[in-house]
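> Below are the sequence and a predicted model for it; my questions follow.
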Amino acid sequence: MKSLFVFVAAGLALGLAQDTSQAPAGEAEGGDARPIWERIDVPSIAACGGCHEAVTREWSRSLHARAWTNANVRAATNDFSKKSCRPCHSPEPVLPKGLDVPPDFRDANHEDGVHCLSCHGLADGVAAARTIEDAPCRPRYEARFLTADLCFPCHQPTHQAFDEFRVSDAFALGLRCVDCHMQPRMDRRGRDHGPNGGFEPAFVRRAIAWKGRVAEGALLLEVTNRTGHKFPGEIPSRSFHVSATFDDGTREAVVLRRPFKGEEREDDRLTPDEVRTLRFVVPPGASAARVRLTFLPLPLVGEDEGIPLGTWTPSW
């Protein structure tokens, strides 16, 4: 393996998070007598929060929960006038339809984005890492639920994330998407359903490693992609900025991102596990510089509001 995959997490078989207390189903949960797995048209907190309140609150801070309401997403899709974007931002359950095709659009309760039942829902129960016969939602072991392909319906057809993942060290090691983005909780059974993505500075900073040196009249910055997909991941509005500002006022910058549709631009993102050297030529007379590495998660975020990934202040 050419790089250490930093998000390796123990407990690959951990699955459905379950709180220590359970509430009865049906009438006790807001008067909705339908089976829990049929309640995708109501908010997750109403459908699943009776037994899993802590997990549902955790999910409510995630990008999955805000997949429909996020201002950046709505701006990028012109308030979802791009109908092809709708199914993944308000999906029906993916398991009943199949994990090799895009999901169906849930034309109800859009505000919940990727609902709990979008991932866990079955036709007659709830997919989990283990079967619990007497639980209200009838969780049962579902082998497909424990594979990386659970994420395929939304993250491959338009974003090609699995084309990238399948050539990565992470895939070769047998890791899944959840082993980075939903690591096991230490305080309860199951995985973290919270905001482990492109808006979380500590999470994003683990995506790359870098080191710099001055040689051959240039600043040489070696950057390593430590993720199982391209960096920045998936969408054109995520970008990786590297700038070098010299003490003579000269400034050079590199922006790595995926091109927008129809844009004449190379996809110059870091490929999985790639080590790339960025070169900034030192101007004559300059004796010091400041190098900044910044990640911009979405288009309404300005460069000064981006996530700082590091700074380097060499002198020579």
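Done, it's in.
> for residue 72, helix, strand, or coil?
Three-state call for residue 72 (DSSP: H, G, I helix; E, B strand; the rest coil): helix.
> Tell me, how many residues neighbour it?
Neighbourhood size, residue 72 [other C-beta atoms under 10 Å]: 17. Just so you know, the C-beta spots here come from the backbone N, C-alpha and C atoms, and that holds for glycine as well.
> how much space between it and residue 81?
Distance of residue 72 to residue 81, given as C-beta to C-beta, to the nearest Å: 15 Å.
> domains for the protein, by residue range?
Domain segmentation of the chain under automatic domain parsing yields 26-181, 201-312.
> Comparing these, which comes out most buried?
Ranked by mean neighbour count, the domains of the chain are led by domain 26-181 with a mean of 18 (mean count of other C-beta atoms under 10 Å).
> gap between that domain and the chain center?
13 Å (C-alpha atoms, centre = their mean, to the nearest Å).
> Among the domains of the chain, which comes closest to residue 188?
Proximity of these to residue 188 was assessed by C-beta to C-beta; the nearest stretch is domain 26-181, lying at 7.3 Å.
> what residues does the helix or strand containing residue 221 touch?
Assigned by DSSP states H and E, residue 221 falls within strand 218-225. Residues from elsewhere that reach strand 218-225 (C-beta atoms under 8 Å, 6 or more residues apart in numbering): 3, 207-214, 231, 242, 244, 270-282, 289, 291, 293, 312, 314.
> Please, where are all the helices along the stretch 51-200 of the chain?
Remark: helices assigned in the stretch 51-200 of the chain by DSSP state H, counting those that start in this stretch are 71-76, 86-89, 94-97, 116-120, 152-155, 161-165, 169-172, 178-181.
> between those, which one is nearest to residue 41?
Across the helices of the stretch 51-200 of the chain, closest to residue 41 is helix 116-120 (C-beta to C-beta), at 9.5 Å.
> Give me the residues contacting the closest one.
When contacts are defined by C-beta under 8 Å, 6+ apart, helix 116-120 is touched by residues 16, 37, 39-40, 44, 47-48, 52, 56, 59, 91-95, 103, 106, 126-128, 145, 150.
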